[in-house]
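[1] sharing a model prediction with you, sequence too.
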Amino acid sequence: MRPELAEAARILGRARRVVVLTGAGVSAESGVPTFRGEQGLWKTYRPEQLATPQAFSGNPELVWEWYQHRQSVVSSCAPNPAHHALAELEGRPGSITLITQNVDGLHRRAGSENVLELHGNIFRARCTREGGVRQFEGKLKCECGAWLRPHIVWFGEQLDPVILEGAFSAARRAEVFLAVGTSSLVAPANLLAGMAAQAGATVIEVNLAPTPLTVEADFFLQGPAGEVLPRLLAKDPPP
Ligand code: OAD
């Protein structure tokens, strides 16, 4: 085991309050496209055409078509060893808060229960008139006659304040903050690691490539999440 990986694993193994933030990179090895980078979704589609309230009011069918396409992509993918390693973490003593920017639901499919989905979930829909949230079942309109929209935080929209406060308060209490597969470019999620560090947490980053967080992190573990996390979170890290 690389020495810094072994040291990070020891610190994690002793911590009782662990907060994890994941981004699209954690699902990349499952086959879910990330947003940025060579194969990223935002290279293929313009966000403002699809992921904004204006796009939806201009052409709700087109926006739904895109989300249904993404639902079918994600449905054909399975959680990978990174998701499973994080789900197993919940069985340890102490508190684990898993905060994700991902909308693919793969953490829950892997068995994680305590998940804060900052940006929503592509398998859920919300009534544009009444605000009620439900599982998406193929219908684009609510019983009340109004459009259902994807339960997703779009560009220019606020995050759910209750979920966000839950994430902030967990970060402020963290002993270890683990950021996995996120470009650390999108606020407010990218503020969480700094909050945790200010409150004294050890910050561990796992990513294929350096990000703006890397210089501030105590540990930068470079590599694919599906390989690094099972080692980092192994039940019996080296003494
Ligand atoms: P990005 O696509 O911006 O970044 C993905 C990150 O994962 C990059 O830093 C990659 O280097 C890294 N990565 C890719 N494959 C990896 C692997 N196998 N193992 C480890 N790391 C890997 O995705 P996010 O940071 O999640 O928001 O993007 C944040 C938000 O921007 C998304 O939630 C989305 C987007 O706009 C909304 O849609 C609201």
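    Noted; the coordinates are in hand.
[2] next up, the contacts around Leu229.
    Pro81, Ala82, Ala85, Leu86, Val180, Val206 (C-beta atoms under 8 Å, 6 or more residues apart in numbering). C-beta: built from backbone N, CA, C; applies to glycine.
[3] the fifth one bridge partners, please.
    Read that as Val180. Thr22, Val206 (DSSP bridges).
[4] circling back to that earlier point, can I get the contacts of Leu229 in JSON lines with distance to Gly23 and neighbour count?
    Shown next, in JSON lines, are these (distance: C-beta to C-beta, whole Å; neighbours: other C-beta atoms under 10 Å):
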{"residue": "Pro81", "distance to Gly23": "17", "neighbour count": "19"}
{"residue": "Ala82", "distance to Gly23": "11", "neighbour count": "30"}
{"residue": "Ala85", "distance to Gly23": "16", "neighbour count": "20"}
{"residue": "Leu86", "distance to Gly23": "13", "neighbour count": "28"}
{"residue": "Val180", "distance to Gly23": "7", "neighbour count": "24"}
{"residue": "Val206", "distance to Gly23": "10", "neighbour count": "28"}
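[5] what subset of those residues is also close to the ligand?
    Val206 (C-beta under 6 Å from any ligand atom).
[6] of the contacts of Leu229, closest to Leu233?
    Of all the contacts of Leu229, Leu233 sits closest to Ala85, with 4.5 Å by C-beta to C-beta.
[7] other SSEs contacting the helix or strand where the closest one lies?
    Assigned by DSSP states H and E, Ala85 falls within helix 81-89. Here helix 81-89 touches strand 17-22, helix 25-28, strand 95-100, helix 106-110, helix 225-232, going by 3 or more C-beta pairs under 8 Å, 6 or more residues apart in numbering; DSSP states H and E.
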